[in-house]
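1. sequence and predicted structure below; questions after.
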Amino acid sequence: MSKLAVIALGGNALLRNNQSGTIEEQEANTTETLENLIFLVKEGYNLVFTHGNGPQVGNILLRNDAGENQYGIPQMPLDICVADSQGGIGYMIERCLLNVLRKHNLKKNVLTLMTLTEVNPEDPAFQNPTKRIGKVMSKEEADRLHEEKGWIFKEEKKGKGGFRRVVPSPEPQSVMNCEVVESNARAGTIVIAVGGGGIPVYTDEEGMVRPSEAVVDKDLASSKLASQIKADEFYVLTDVPFVYANFGEPDEKKLEFLNHSDALEYLETSTFGEGSMAPKIRAALSFIEKGGRQSIITESKKLEDKSFGTKITMEYDEKDLHKYD
């Protein structure tokens, strides 16, 4: 039986640093990323793609704001904006993927599924917004929007300057319609799901599905989906070829192979940055804790070369480190 893999596309798969975010830029980036992943189709993998939406959903919110101020158009809530970004980005990935498949003479159906992710309305994250969305803006602009809309902003880190809006990011509890994702993927259709971490919802006391004003972490939601559909492998694509301990510091250390206990120890000792690698490590660990064979964190253009990428498993044999390749 073909292996089933979930691939979480990182933000740079769609939009690179210092780009303005035109559709031409995003399509070119998406096509390049998919070209680097087409070898998995050729190797017979069944695939589910997920993706982020941080810059895009933030821009949708700003368009909402501009539309209300200039034309009196009612603003839409955050869950609707997440849905808008999920549909638009999913369409772009689907179309680019169909073209890449045709270029390589591969015939595959591609399905983009609007995906809802259940969260707990009592999650402490609602009292401590941390998820950065939208563009970087000046303090004056951030102060204006805070005063007018009540939005919360935090200053960017590591000398980037400026401020970005932050919203709650509750833990995903489950991905809805995962049976639809699994059945289509195992039948050979490439499925695009859990865009932007999924549209956050919760179920009330009467069993009704209600919207949640939040954004779910894409990697954690992708890991949850990978576990629910019993995927064999989980890939987290980012902008570095390996995970590094103490990244950017004088004692930086490349980590090519990690078992569960080692990765957990690094995580608990704050080796990984909370705003960058730590959530990806948590997502990778969650997947293998629930029975997944292997999680791999790397950049897309290095994935085909098995000498790159950090491989995380429950255990590994130090005498045969490449047995999981």
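-> Cool, got the structure. Keep in mind the model is a prediction, meaning the values are calculated, not measured.

2. from what I see, residue 139 and residue 163 are in contact.
-> Yes - under the criterion of CB atoms under 8 Å, residue 139 makes contact with residue 163 at 6.0 Å. Using the backbone N, CA and C atoms, a C-beta is placed for each residue, glycine as well.

3. who has more neighbours, the two?
-> A direct count of neighbours by other CB atoms under 10 Å for residue 139 and residue 163 places residue 163 higher, at 23 against 12.

4. now that one, what are its backbone angles?
-> Here is the backbone geometry of residue 163 (degrees, to the nearest 10): phi -130, psi 150.

5. and it, what does it touch?
-> Contacts of residue 163 were listed using CB atoms under 8 Å, 6 or more residues apart in numbering, and they are 136, 137, 138, 139, 141, 142, 153, 154, 155, 156.

6. as CSV, those residues with pLDDT, distance to residue 288 and secondary structure would be great.
-> As requested, the contacts of residue 163 are exported to CSV (pLDDT from 0 to 100; distance: CB to CB, whole Å; DSSP: H, G, I helix; E, B strand; the rest coil):
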residue, pLDDT, distance to residue 288, secondary structure
136, 84, 35, strand
137, 88, 39, strand
138, 93, 43, coil
139, 94, 42, helix
141, 91, 43, helix
142, 94, 39, helix
153, 95, 36, strand
154, 92, 32, strand
155, 91, 35, strand
156, 86, 32, coil
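
7. just the buried members of those residues?
-> With burial judged by 16 or more other CB atoms under 10 Å, the buried subset of the contacts of residue 163 is 136, 137, 142, 153.

8. quick one, strands of the stretch 201-325 of the chain?
-> Ranges of strands in the stretch 201-325 of the chain, per DSSP state E, counting those that start in this stretch, are 209-211, 233-237, 243-245, 253-255, 257-259, 294-298, 310-313.

9. give me the sheet partners of the fifth one and which way each runs.
-> When sheet partners are counted by DSSP bridges, strand 257-259 sits next to strand 310-313 (parallel).
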